[in-house]
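Student: Sharing a model prediction with you, sequence too.
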Amino acid sequence: MINAIVINNTTANRATVIANRTQSSEMGVMKAMLIDTLKVKLANGIAHFIFKKKDGSYREAWGTTQSQLAKAKTNGKGISREMYKTTAYFDIEKGEWRSFRWEMLVQVF
């Protein structure tokens, strides 16, 4: 029996970047799929997740990318955070846009 996971090009690209940064193919695929889950939750409302910050501390965040919730702080004139290998979200608590490196995502609730 063969078990297979089918992923799209975007997820495959994320998995490659994460694998290179973490030196682990398994971690690359796992975190890329976790980011897919988070992006769906961000687009559909407020998502609850944890990521590791640059300083090594952990950040528990509640965020969204849903335009109705973040509209006042969205201008649509910037470069996509995907180009920087990060995920952007509107931080509900801080009222500002934030981002984190893909490999730093720890958990999505």
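Tutor: Nice, thanks for sending it over.

Student: Report pLDDT for residue 21.
Tutor: Each residue has a pLDDT score; the one for residue 21 is 93.

Student: ok, now which ones touch it?
Tutor: Neighbouring residues of residue 21 by C-beta atoms under 8 Å, 6 or more residues apart in numbering: 101-103. C-beta coordinates here come from the backbone N, C-alpha and C atoms, glycine included.

Student: Can you give me the buried ones in the host helix or strand of it?
Tutor: Take DSSP states H and E as the rule and residue 21 turns out to sit in helix 9-22. Residues of helix 9-22 classed as buried under the neighbour-count rule (16 or more other C-beta atoms under 10 Å) are 11, 14-15, 17-19, 21-22.

Student: just stretch 35-49 next, same as before
Tutor: In terms of neighbour count (16+ other C-beta under 10 Å), stretch 35-49 has its buried residues at 35-36, 38-39, 41-42, 47, 49.

Student: In the chain, what residue spans correspond to strands?
Tutor: Under the criterion DSSP state E, the chain carries strands at the ranges 47-52, 58-64, 86-91, 96-101, 105-108.

Student: and of those strands, who's closest to residue 27?
Tutor: Set against residue 27 and scored by C-beta to C-beta, the strands of the chain come closest in strand 105-108, at 10.8 Å.

Student: What strands line up against the closest one, and which way round?
Tutor: Sheet partners assigned to strand 105-108 using DSSP bridges are listed as strand 47-52 (antiparallel).

Student: angle of the partner strand against strand 96-101?
Tutor: In terms of direction (axes from the mean of the first three to the mean of the last three C-alpha atoms, to 10 degrees), strand 47-52 departs from strand 96-101 by 50 degrees.

Student: So which residues make contact with strand 47-52?
Tutor: When contacts are taken as C-beta under 8 Å, 6+ apart, the neighbours of strand 47-52 outside the stretch itself are 38, 41, 58-64, 89, 100, 104-109.

Student: filter these to the buried ones?
Tutor: Among those, the ones that count as buried by 16+ other C-beta under 10 Å are 38, 41, 61, 63-64, 89, 100, 104-105, 108.
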